[in-house]
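Participant: everything below, folded, please.
(one chain, ligands or ions: 2)
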Amino acid sequence: MEDTRNQNMQPGLEDRVVKALIQRSQKAKDFAYCPYSKFRVGAAVLTVDGSFFTGCNVENAASNLGICAERVALSKAVSEGHQRFKAIAIASDLKDDFISPCGGCRQFLIEFGSQWNVYLTKPDGSHRCMAVEALLPAAFTPEDIQKEKKEEEKAQSVEHNS
Ligand SMILES: O=c1ccn([C@H]2C[C@H](O)[C@@H](CO)O2)c(=O)[nH]1
Ligand SMILES: [Zn+2]
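Facilitator: Ligands and ions are numbered 1, 2, ... in the order given. From the prediction side, this is the model:
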């Protein structure tokens, strides 16, 4: 049931792995703490070494403190020593639309690379797959910080040699 609009999908994820990842994101959605929005979201990430981590949205009475499912899943993985990812699946209760990550989560995802897969799903398990890069074109990334450091070093060496 794969959507034909796939963009920049990375190779290598078998159908059964995609299915397992999506199922995990759907299960995680059941734990959503969203008394304010009532909008349940679940996420599951797959690391390059084959581990899964899940998350759900966790809202708060101080609304700006709420956190999205994607960031919970990713933070769980990072806090247990995983920084390289193959894919993330996102699940919601929207029947007619593929759930899509918010801008903040897109930035959070691209911190860990632009070339991995995001599976936007519907409750029936159908999905659309996009590379992180396609979800956040012209992104500000960790490489930009490195570039600035290099520019500074270059400027200093020019100063030093003149
Ligand atoms: O991709 C998304 C979109 C929304 N939410 C959450 C944030 C908030 O708790 C609720 C409504 O925006 O859904 C996520 O967790 N992930
Ligand atoms: Zn988000």
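Participant: tally up the residues packed near Ser157, please.
Facilitator: 10 (other CB atoms under 10 Å). Every residue, glycine included, has its C-beta placed from N, CA and C.
Participant: just Ala134 next, same as before
Facilitator: Around Ala134 there are 14 residues (other CB under 10 Å).
Participant: can you say which helix or strand has it in it?
Facilitator: For Ala134, the host element (DSSP states H and E) is helix 132-135.
Participant: list the buried ones in that helix?
Facilitator: Val132, Glu133, Leu135 (16 or more other CB atoms under 10 Å).
Participant: which residues does the second one contact?
Facilitator: So the one you mean is Glu133. With contact set as CB atoms under 8 Å, 6 or more residues apart in numbering, Glu133 has these partners: Asn8, Ile110, Ser114, Gln115, Ala139.
Participant: state the mean pLDDT of the longest helix along the chain.
Facilitator: In the chain, assigned by DSSP state H, the helix with the most residues is helix 142-160. Average pLDDT, helix 142-160: 90.
Participant: can you show me the helices along this protein?
Facilitator: With DSSP H as the criterion, the chain has helices spanning 15-29, 69-78, 103-110, 132-135, 142-160.
Participant: so which residues on this protein come close to ligand 1?
Facilitator: Residues of the chain lying close to ligand 1 (CB under 6 Å from any ligand atom) are 34, 37, 39, 41, 57, 59, 66, 68-70, 90, 99, 101-102, 105.
Participant: change it to 5 Å
Facilitator: Ser37, Phe39, Val41, Asn57, Glu59, Gly66, Cys68, Ala69, Pro101 (CB under 5 Å from any ligand atom).
Participant: filter the contacts of Glu133 to the buried ones?
Facilitator: Ile110, Ser114, Ala139.
Participant: low-confidence ranges in the protein?
Facilitator: Residue ranges of the chain with pLDDT under 70: 1-12.
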